[in-house]
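Q: I need the structure of the sequence given here:
(chains A, B, C and D)
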Number of protein chains: 2
Amino acid sequence: MPNQSTSLDLTFQALADPARRKMLERLSRGPAAVSELALPLTMSLPAVLQHLTVLETAGLVTSAKTGRVRTCQIAGPALAEALGWLDARRAEWEARFDRLEAYLNELKEGDSNG
Amino acid sequence: MPNQSTSLDLTFQALADPARRKMLERLSRGPAAVSELALPLTMSLPAVLQHLTVLETAGLVTSAKTGRVRTCQIAGPALAEALGWLDARRAEWEARFDRLEAYLNELKEGDSNG
DNA sequence: AAAATAGTTAAGTGTTGACTTAACTAATTT
DNA sequence: AAATTAGTTAAGTCAACACTTAACTATTTT
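A: Numbers count the residues shown, from 1 in each chain, chains lettered A, B, ... in the order given. This next block holds a predicted model:
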């Protein structure tokens, strides 16, 4: 059975690793070379490259090579999609919470009137 | 070496699975029993239980048993933490974008004045 | 041209993850 | 009390992950 991952699968999976989140934190402040992303990480360069591939496959990062330097950039859409999913859950959760609150207020008013 | 996962690791990891996201989508509309969460999923009940454990460990869901029924609820804070991290990245990304835009506008104005 | 820099590929290892089936417990219903 | 329902535990399998080292390719710099 092929493992057909959706876009959100790949995005959240990519976000689940602390090394990859550090890379994104750096990139959200501006473009950077691979070795710059590697600096704060205590792992080999090939490992960093593998993390970069995961980020690119998820669409969270794009990169291009100039000379011998590969410059990486954060990409908006994948980030926005993940944010959108989470925000939809929060919205539903809050709507439910608000309805409950309104109901409780109604109960309280009815109580003081009866 | 113990694998000390942070809260965000666990949260994003939990969100990376489509079955778990479906469970959360259901729960964001209101509490539900385990078997109700299992309904739309094409897997065994034990598998659903394992997913539920992952969600609870990540703090995304709480549950309590009454009689023979376990009722599950979505939990706000873990969701908010994940949202917060993503939103911080977007904010930084947008701030940079805005600065770039302002700079380009400045260039354009300078161009028409010189 | 030689040495250093920046990145890349391949291959192997140990750990987690996502299931499964089988067997079981504890509440309800009939 | 017997059958059903709802959930749980244990154990095993197979694939995916997160690395590693070794060896290699391009591009600069000296």
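
Q: Quick check: residues of chain A near DNA strand D?
A: By C-beta under 7 Å from any atom of the strand, the residues of chain A that approach DNA strand D are A:3, A:13, A:16-17, A:19, A:43-44, A:46-47, A:50-51, A:54, A:66-69. Yep, even glycine has a C-beta here, placed from its N, CA and C like the rest.

Q: again, 6 Å this time
A: Within chain A, the positions near DNA strand D by C-beta under 6 Å from any atom of the strand are A:Asn3, A:Gln13, A:Asp17, A:Ala19, A:Met43, A:Ser44, A:Pro46, A:Ala47, A:Gln50, A:Val54, A:Gly67, A:Arg68.

Q: buried set for whichever strand or helix holds A:Asp87?
A: A:Asp87 belongs to helix A:76-113 when assigned by DSSP states H and E. For helix A:76-113, the buried set under the neighbour-count rule, 16 or more other C-beta atoms under 10 Å in any protein chain shown, comprises A:Ala78, A:Leu79, A:Glu81, A:Ala82, A:Leu83, A:Trp85, A:Leu86, A:Arg89, A:Arg90, A:Glu92, A:Trp93.

Q: farthest pair in these?
A: Pairwise distances across the buried residues of helix A:76-113 peak at 23.3 Å for A:Ala78 and A:Trp93 (criterion: C-beta to C-beta).

Q: For my notes, please list the buried residues of helix A:76-113 in a markdown table and give pLDDT and distance to DNA strand C for each entry.
A: Shown next, in a markdown table, are those (pLDDT from 0 to 100; distance: C-beta to the nearest atom of the strand, whole Å):
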| residue | pLDDT | distance to DNA strand C |
| --- | --- | --- |
| A:Ala78 | 94 | 19 |
| A:Leu79 | 94 | 21 |
| A:Glu81 | 96 | 19 |
| A:Ala82 | 97 | 16 |
| A:Leu83 | 96 | 21 |
| A:Trp85 | 97 | 16 |
| A:Leu86 | 96 | 18 |
| A:Arg89 | 95 | 18 |
| A:Arg90 | 94 | 22 |
| A:Glu92 | 92 | 23 |
| A:Trp93 | 89 | 23 |
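
Q: Kind regards, and thank you for your time.
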